[in-house]
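Student: Following is a predicted model, sequence given first.
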Number of protein chains: 2
Amino acid sequence: MTPLLTGLRVVEVTAFIAAPLGGMTLAQLGADVIRIDPIGGNIDYRRWPLSQQGTSLYWTGLNKAKRSVALALDKPEGKEIARAIITASGENAGFLLTNLPASGWMSYDALSQARPDLIMLRLTGNPDGSSAVDYTVNCASGFPMATGRGDGPVNHVLPAWDVAAGLYLATGLLAAERQRRLTGRGQEVTLSLADVMLATVGNLGYVADVQVNGAVRQPMGNELYGAYGRDFATGDGRRVMVVAISNRQWRALGKATGLADKLAMIGPLMGVDMDDEGGRFQARDAIAAVLAHWFAARGLDEVRAAFDGTGVLWGPYQDFGQLVTEDPRCSTANPLFQEVVQPGVGRHLMPGSPLAFGAVPRGEVRPAPRLGEHTDAVLAELLGLSAAEIGRLHDSGVVAGAVEG
Amino acid sequence: MTPLLTGLRVVEVTAFIAAPLGGMTLAQLGADVIRIDPIGGNIDYRRWPLSQQGTSLYWTGLNKAKRSVALALDKPEGKEIARAIITASGENAGFLLTNLPASGWMSYDALSQARPDLIMLRLTGNPDGSSAVDYTVNCASGFPMATGRGDGPVNHVLPAWDVAAGLYLATGLLAAERQRRLTGRGQEVTLSLADVMLATVGNLGYVADVQVNGAVRQPMGNELYGAYGRDFATGDGRRVMVVAISNRQWRALGKATGLADKLAMIGPLMGVDMDDEGGRFQARDAIAAVLAHWFAARGLDEVRAAFDGTGVLWGPYQDFGQLVTEDPRCSTANPLFQEVVQPGVGRHLMPGSPLAFGAVPRGEVRPAPRLGEHTDAVLAELLGLSAAEIGRLHDSGVVAGAVEG
């Protein structure tokens, strides 16, 4: 059986998180994704954290399963080769993904002259094309001001807008591919990181809440809004998150803790309907007062034993170390992960696509390429260059292959 | 010109954020997305925040541009109608998206008997199919323990895993649709919220950092890791985020603040290479000491005037109210937004898809349906039921239409 997107060929000229993640999402579904970089790497090539050997774990994590071509993009001949790779023939080729300034030779107008059915996805910072990154989009989103306990804005550490933007790019490329297959038409598809943020804020109801209710969500620590949930300290110094949104989950929590009778007293005590998620939200401090003692009297393992299999929605807080060493989902017991040797890094757990397709085996998780690893193969395969021609391009510094180490 | 995914028909039996967002992403690209709910609504139908009229802004935000069918899913005849809608004929139909327990009549095995080329996307909490929600996945991710200043875990307020999962579902559906078009083959596609988290933690290098470096990322407030960036207070009580990752951005910051000479002294002072992002990260406290005075001496408008057009990467912190009322990107000046009347809510700014396709106009942003608004139309159109037959189903409580208000 062949991987899902076999035959689809996508060229990337990208850096950082969002656009590389978009390409990797397609690569891990079987597309041939060729990342073109300047010789020596793009500006994301040495981003921290690094391995002992100096290889970026950030870069290798976001470029798995791709092929790498290194070109002198500052020289006319390097640009010409990049253009030829991007517009090379093939019914399932002619896709470019970029978050770099797409002007001059890399503009849609210039490239689509060579290949009129080109589909080019271009990520910018702001809708007007100006620069922005996850941090400078996030600060404006409202979320940092609603995160934490109200003593100043709190940035998320997960680059959530970048992640969402990368996945929008993958969706957009496949949607445009479908239309091209049906109509033959190529097109430029644009997306801005700020619009990803703005659409999400709107989709989650925050814009309407301001405009129709005049309400601005305030920070409330680790508590849920509009339903019951918060964190608790356990007796052995850990913390857990506990959530009960549906009535079924609420009853499961009362039953598993043995506190159903006490929790039932809170309705009359606080004058709320405890069969309603809004009522439980309103009575959250009283609920927490009852539950806090239960958690404080138990270690994490006792909490786990009491909750597992009961329908209680909960989870332990873990730092990245605890996630990797203690959580069975973060191991090869989970088909998401395989142990893979990453050149320049070593062997470590590597995730494939979280999407599992019933008709296609998950297949091998492939590491990131070494920079320039596929330069020669791509020049031969896509452009039909001979070994002598490729040798000349190396000698003149127009292309580069992978350097060991 | 026709919207991008015109003709594609997707049926949803979903609740909450991730799966509805997956369907809405496709609906806003032009697919006919039919959400089937129990009569009276699914468990997400009344989630806070609500409008004055009691309509959920959460539900309307996540179900824009869909059609709504209400069926008695607890009755055999209601299930039979749902099955018939899901498996109704049509070359571009036969897609089901769900995050509900897909057993019995709604299992892939049962539904694919009626339509062997069915593509069914199923979102679960954990890879083993057990329940989890954004909050209980997030606590385990490592991010809350690396967020804030280290005085306990800090939950994100953005449901980032749900958003990413919704976009993976949209990507997965289009990838499976492509394969079905090429091979005729349907399949079940599964995704778990925990795997979305685990893949992301791995993709961003955190798993490798633990396994090959033994490093566990610690919280560092609003500072960037591995490059320069943090928040500053302005003289008028606002806060801004400032980032300089590339050398170009770093030079722009020095030039725009007039502090380039002072910043250049920090290299020898701290013994780091200030032309390297890692060096600037190491010297971040000294950099902040210099910059803090500059920001404290200026109001937000002065900062804006000094930075706009200079290439400095920055942004103001805004709460949701400030985003909606002060940010020009959150207005109809941005083609992302239109003013739309949402039944049960009123007129407000509503985002379309952040993806802009050059060959297709953005078109009208469509509000969420009223629950059951399209029951009769779908029964007639997809199942060929007569008005008399539809009337009988209403009378016997098997289906329901929209109720005003």
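Tutor: Sure, I can see it.
Student: what about the closest residue to A:D74 other than its chain neighbours, distance to A:T87?
Tutor: Spatial nearest neighbour of A:D74, excluding adjacent residues (Cβ to Cβ, 6 or more residues apart in numbering or on different chains): A:P38 at 7.1 Å. All C-beta atoms are positioned from the backbone trio N, CA, C, and that covers glycine. To A:T87, A:P38 is 19 Å away according to Cβ to Cβ, to the nearest Å.
Student: who has more neighbours, those two?
Tutor: Ranked by neighbour count (other Cβ atoms under 10 Å in any protein chain shown), A:P38 and A:T87 place A:T87 first, with 22 against 18.
Student: wait, doesn't the more buried one sit right on A:L118?
Tutor: Yes: because the distance of 6.5 Å satisfies Cβ atoms under 8 Å, A:T87 is recorded as touching A:L118.
Student: Please enumerate the shared neighbours of the two.
Tutor: Among the neighbours of A:T87, those also in contact with A:L118 (Cβ atoms under 8 Å, 6 or more residues apart in numbering or on different chains) are A:G94, A:L111.
Student: isn't A:E364 right up against A:M350?
Tutor: No: the pair A:E364 and A:M350 fails to qualify as a contact (Cβ under 8 Å) at a distance of 10.0 Å.
Student: Now do the shared contacts for those two.
Tutor: By Cβ under 8 Å, 6+ apart, the residues touching both A:E364 and A:M350 are A:Q338.
Student: What residues does the nearest residue to A:G226 once chain neighbours are set aside make contact with?
Tutor: Spatial nearest neighbour of A:G226, excluding adjacent residues (Cβ to Cβ, 6+ apart): B:W48 at 3.0 Å. With contact taken as Cβ under 8 Å, 6+ apart, B:W48 is in contact with A:Y225, A:G226, A:A227, A:E277, A:G278, A:F281, B:S56, B:Y58.
Student: pretty sure the second one belongs to a strand, no?
Tutor: No: the assignment for A:G226 (DSSP: H, G, I helix; E, B strand; the rest coil) gives coil, which keeps it out of a strand.
Student: How about the contacts made by it?
Tutor: A:E277, A:G278, A:F281, B:R47, B:W48, B:P49, B:Y58.
Student: Highest neighbour count among the residues you listed?
Tutor: For the contacts of A:G226, neighbours tallied by other Cβ under 10 Å; top is B:Y58, 26 neighbours.
Student: need the contact list for it.
Tutor: B:Y58 touches A:L204, A:G205, A:G226, B:D44, B:R47, B:W48, B:P49, counting by Cβ under 8 Å, 6+ apart.
Student: just A:A244 next, same as before
Tutor: Contacts of A:A244 by Cβ under 8 Å, 6+ apart are A:A227, A:Y228, A:G229, A:W250, A:A252, A:L253, A:R280, A:V312, A:L313.
Student: how about 6 Å then?
Tutor: A:Y228, A:W250, A:L253 (Cβ atoms under 6 Å, 6 or more residues apart in numbering or on different chains).
Student: how many neighbours does the closest residue to it other than its chain neighbours have?
Tutor: Of all residues not flanking A:A244 in the chain, A:W250 sits nearest, at 4.1 Å (Cβ to Cβ, 6+ apart). Using other Cβ under 10 Å, A:W250 has 24 other residues around it.
Student: Having no further points to raise, I will conclude here.
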